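*Asks:* fold the following.
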Amino acid sequence: MELQLLHEIGRINYSGTDILQSLESAIGITKIDLPINEVIQSSLELSWTRNPFDRLIVATSEATGIPLLTKDQNILTNFDLAVW
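*Replies:* Below you'll find the model as predicted:
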């Protein structure tokens, strides 16, 4: 969703769907079947950020145990599974 919104406001050139399809082809990225209510509940504990997308992304990484690749300094400082 964040990728799509960034595309819609002109910050990135490709739609969220295009990016995900490209990553799926290039590196085999797959979608996670995770109940959204579990992600949202976990995101409520992340008071170190006010960004709702960051909360959802971090909560998903936390719920799955999959490291989060990011250059966001706030996430890198506050979330142990974040790497750059």
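
*Asks:* which stretches of this protein form strands?
*Replies:* Using DSSP state E, the strands found in the chain span residues 68-69, 82-83.

*Asks:* sheet-wise, list the partners of the first one with their directions.
*Replies:* Strand 68-69 has the following sheet partners, assigned by DSSP bridges: strand 82-83 (parallel).

*Asks:* sorry, back to before: export the strands of the chain to a markdown table and tack on mean pLDDT?
*Replies:* Shown next, in a markdown table, are those (pLDDT from 0 to 100):
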| stretch | mean pLDDT |
| --- | --- |
| strand 68-69 | 95 |
| strand 82-83 | 98 |
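
*Asks:* between those, which one is nearest to residue 8?
*Replies:* Nearest to residue 8 among the strands of the chain is strand 68-69; the distance by Cβ to Cβ comes to 23.3 Å. C-betas here are computed from N, CA, C, even on glycine.

*Asks:* OK, contacts around the residue most central in space within the chain?
*Replies:* In the chain, the centroid-proximal residue (Cα atoms, centre = their mean) is residue 57; its distance is 3.2 Å. Contacts for residue 57 were tallied using Cβ atoms under 8 Å, 6 or more residues apart in numbering; they are 2, 68, 70, 75.

*Asks:* next one: residue 23
*Replies:* residue 29 are the contacts of residue 23 under Cβ under 8 Å, 6+ apart.

*Asks:* could you list the domains of the chain?
*Replies:* What the record gives for the chain is the domain set 1-31, 34-84, from automatic domain parsing.

*Asks:* so which of those is the most packed in?
*Replies:* When you average the neighbours per residue for each of the domains of the chain (mean count of other Cβ atoms under 10 Å), domain 34-84 leads with a mean of 15.

*Asks:* endpoints of that one, how far apart?
*Replies:* 24 Å (Cα to Cα, to the nearest Å).

*Asks:* ok, stretch 39-58 next?
*Replies:* For stretch 39-58, the end-to-end distance is 9 Å (Cα to Cα).

*Asks:* and stretch 75-82, by the same measure?
*Replies:* For stretch 75-82, the first-to-last residue distance is 7 Å (Cα to Cα).
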